[in-house]
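>>> Take a look and give me a structure for this.
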Amino acid sequence: MPNILSIVLTVFILTSCSTSGSLETIAPEQNVSIPEYKIGAGDQLYINVWKNQDLSLNMLVRPDGKISVPLVGDIHAVGLPAETLAAQLNERLKKFIRDPEVTVIVTSPISAEFLTRVRITGAVNAPQSTQHRQGMTVLDLLLQAGSLTPFADGDGAILYRKTDDGVKRYSVELDHIIKQGDISTNYELRPSDILIVPESLF
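Numbering: from 1, shown residues only. Prediction:
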């Protein structure tokens, strides 16, 4: 686990060097929409072709991003939502089957595990990487990590968030959240967020 955290933090921090050096603030969000899942290499899929059991099967997405489907052959799957892949398979199978109805289900989203986790490290009792849950907040993550150590600078915590514009940094005042009940920086988390808690200089 520590090695994974180190790699993730290195990537985020190096990336953030190209973004603005100033911290930003965001309003706590009532609802955070989770991006539509896209198929990744290593994912296990179940493809069901209605009334055609011979074509309904489980398959693994290969490292090259493709799957091999009877009659269709190789088709690119990585980066596509399951519904899009189903639509493409449906279109190709029309050459061989009358009115095909294809459903694609991601039964084991192996590639998603890394991207759908949130991480907390630094001056907390149990640094960790944990699965993101809908509605999860900074405080939820902190409590799961066993709260702050006696040497933590809680109000100096920083939340790193990857966005389309690069990695953003947000100031989080953990001491205010815990001791004063001030939840203005108790942000709702998004998948792949990283919370770093520094140690106090005094």
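>>> show me the contacts for L142.
I120, V124, L148, L174, I177, I178, L195 (CB atoms under 8 Å, 6 or more residues apart in numbering). All C-beta atoms are positioned from the backbone trio N, CA, C, and that covers glycine.
>>> Which of the helices or strands spans it?
Using DSSP states H and E, L142 sits in helix 138-144.
>>> Show the subsequent helix or strand relative to that helix.
As assigned by DSSP H and E, the chain's next helix or strand after helix 138-144 is strand 157-163.
>>> Mind giving me the packing neighbours of that next one?
With contacts taken as 3 or more CB pairs under 8 Å, 6 or more residues apart in numbering; DSSP states H and E, strand 157-163 sits against helix 2-16, strand 166-172, strand 194-197.
>>> What sits closest to the residue nearest the centre of the chain if chain neighbours are left out?
Nearest to the mean C-alpha position of the chain, by CA atoms, centre = their mean, lies T116 at 2.4 Å. Spatial nearest neighbour of T116, chain neighbours left out: P191 (4.5 Å); criterion: CB to CB, 6 or more residues apart in numbering.
>>> For the chain, give me the ranges with low pLDDT.
1-35, 111-114, 202 (pLDDT under 70).
>>> what are the ranges of the helices in it?
Under the criterion DSSP state H, the chain contains helices at 2-16, 82-93, 112-115, 138-144, 174-180.
>>> circling back: from what I can see the residue nearest to the centre of the chain touches H132, true?
Yes. Contact criterion CB atoms under 8 Å: T116 and H132 qualify, at 5.3 Å.
>>> shared neighbours, those two?
By CB under 8 Å, 6+ apart, the residues touching both T116 and H132 are P191, S192.
>>> what residues go with each domain of this structure?
Here the domain parsing of the chain from the TED database is 43-110, 117-197.
>>> End to end on the last one, go ahead and measure it.
Same thing as domain 117-197. Terminal residues of domain 117-197 lie 18 Å apart, using CA to CA, to the nearest Å.
>>> to the chain's geometric centre, what's the distance from that domain?
15 Å (CA atoms, centre = their mean, to the nearest Å).
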